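K.L.:
structural data only, the sequence is not supplied:
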């Protein structure tokens, strides 16, 4: 079965193109996002088998995490730092859903990461590292509330949400004005940076981050070599990062 | 991954690394390179921040948190000699100069096995191990209960058989159970509830209170929980003394 490039992208996610047009991906960046970017990116036709071929030279997020965990278990603590850097936002936000005080929330987040490190000797990789870390964070937060003799706010969030975090909208309801302001600032900088990108870089980074397409798929969609895709995605990230870093540095001061 | 002459190349590899595109990368070397370079670590953090924001995921931007966690982790002992989760060094590695080739379409079966970790143990191994462990615990429990019950029942029977005589050091039971001669004590009758002294009516009140106290202590002691099902076995047991009579 053959699809056109753009239509295949949408069908792969089980979405109906006509019904979801401008709905999901447009929610973050408003009108700036256009599906036509993807659809018109290439008229190249590719088959569903090429997507099945994906996986030979790519690793999922879960597998990257497991590679890092393996390094930690071999004694490389700095690999754990990368996991902390990667998941600090999600875990920090998750804990803040239970522990509303900002300082306590940070302490609990720190405790959760330390507990996870200590428990890595028992981590067997049956689940994704993030799922495992998610459970530890929730238990740590609940234990903290029990210790503090406070009422536990049951959000009804199950660990399964960790695997499909995109659908965990309940986790995003705990927004303080400060948090909203910071998030908006960062999101605005990133959005403006993306808008300022050349078309080829913008399309490449969007296909990668929104659609989760592999380099090979992007190469086919954009009708260019994989090396070019790699370079475009990197240059897009660098351009965004060049605008983001000063903002984060200002906050750090 | 460390190439001091071309920092942009390192960053590009970092970008490639976080996308899981290992075509021409040595994963272990790349991770090591990122871990060892502060600038690349910063890039790693910000690239993931960009990704989270683009995916509309919540972010918690506390700059000091990471440094606090990393400092705390630095104080923790490092792991060693833990069986690896998977042998990622066995991942297909392509030489840097080799061109990237598009893989031929794979079958569903090969997709399921490609890039996944080798099973650590078979079903038979885990199942048999669990069964053996459960059987061992059950066997130890049954044997232990039998031994314990025998040890508890025999002194009662011996004491009941010898009443109202006295226990002296020549008593075979005392030699066997205690391992040393018991001191000569005055035995009191067991009336069913409390030990009553047939001789000294003056001491009856004190001993009754003492026995009551001891009984309550035993019933309420946390060690009573260790008996498990033994109290219930007494309820359905037969009266050995009545049968001996």
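P.N.:
Received it, and whenever you're ready, just let me know what you need. Just so we're clear, the structure is a prediction, and the values are computed from it rather than from any experiment. Numbers count the residues shown, from 1 in each chain, chains lettered A, B, ... in the order given.

K.L.:
just checking, residue B:33 touches residue B:25?
P.N.:
No. Between residue B:33 and residue B:25 there is no contact under CB atoms under 8 Å: 10.0 Å. Quick note: C-beta positions are derived from backbone N, CA and C, even for glycine.

K.L.:
which one is residue A:81 nearest to, not counting chain neighbours?
P.N.:
residue B:70 (5.1 Å; CB to CB, 6 or more residues apart in numbering or on different chains).

K.L.:
now do that neighbour against residue B:40, distance only.
P.N.:
Shown here: residue B:70 relative to residue B:40, a distance of 15 Å by CB to CB, to the nearest Å.

K.L.:
pretty sure the residue nearest to residue A:81 contacts residue A:82?
P.N.:
No. The pair residue B:70 / residue A:82 is not scored as a contact, 10.3 Å apart, by CB under 8 Å.

K.L.:
quick one: which of those two has more around it?
P.N.:
residue A:82 (25 against 17; other CB atoms under 10 Å in any protein chain shown).

K.L.:
so the more buried one is in which element?
P.N.:
Residue A:82 belongs to helix A:77-98 when assigned by DSSP states H and E.

K.L.:
what is that helix packed up against?
P.N.:
helix A:61-73, helix A:102-119, helix A:129-147, helix B:27-36, helix B:38-54, helix B:63-75 (3 or more CB pairs under 8 Å, 6 or more residues apart in numbering or on different chains; DSSP states H and E).

K.L.:
pick the most deeply packed of these.
P.N.:
helix A:61-73 (a mean of 22; mean count of other CB atoms under 10 Å in any protein chain shown).

K.L.:
how much does it deviate in direction from helix A:129-147?
P.N.:
Note on geometry: by axes from the mean of the first three to the mean of the last three CA atoms, to 10 degrees, helix A:61-73 and helix A:129-147 are set 70 degrees apart in direction.

K.L.:
list the buried residues of the longest helix anywhere in chain A.
P.N.:
Determined from DSSP state H, the single longest helix within chain A is helix A:226-252. For helix A:226-252, the neighbour count (16 or more other CB atoms under 10 Å in any protein chain shown) marks A:226, A:228-241, A:244, A:247-248 as buried.

K.L.:
would JSON lines of the helices and strands packed on helix A:77-98 with mean pLDDT be doable?
P.N.:
Output for those, formatted as JSON lines (pLDDT from 0 to 100):
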{"stretch": "helix A:61-73", "mean pLDDT": "87"}
{"stretch": "helix A:102-119", "mean pLDDT": "92"}
{"stretch": "helix A:129-147", "mean pLDDT": "93"}
{"stretch": "helix B:27-36", "mean pLDDT": "79"}
{"stretch": "helix B:38-54", "mean pLDDT": "90"}
{"stretch": "helix B:63-75", "mean pLDDT": "85"}
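
K.L.:
wait, which of the ones you listed is closest to residue A:217?
P.N.:
Distance to residue A:217, taken as CB to CB, is lowest for helix A:61-73 among these, at 16.4 Å.

K.L.:
coming back round to it: so which of the buried residues of helix A:226-252 also contact chain B?
P.N.:
Within the set of these, contact with chain B (CB under 8 Å from any CB of the partner chain) is found for A:226, A:230, A:231, A:233, A:234, A:237, A:238, A:240, A:241, A:244, A:248.
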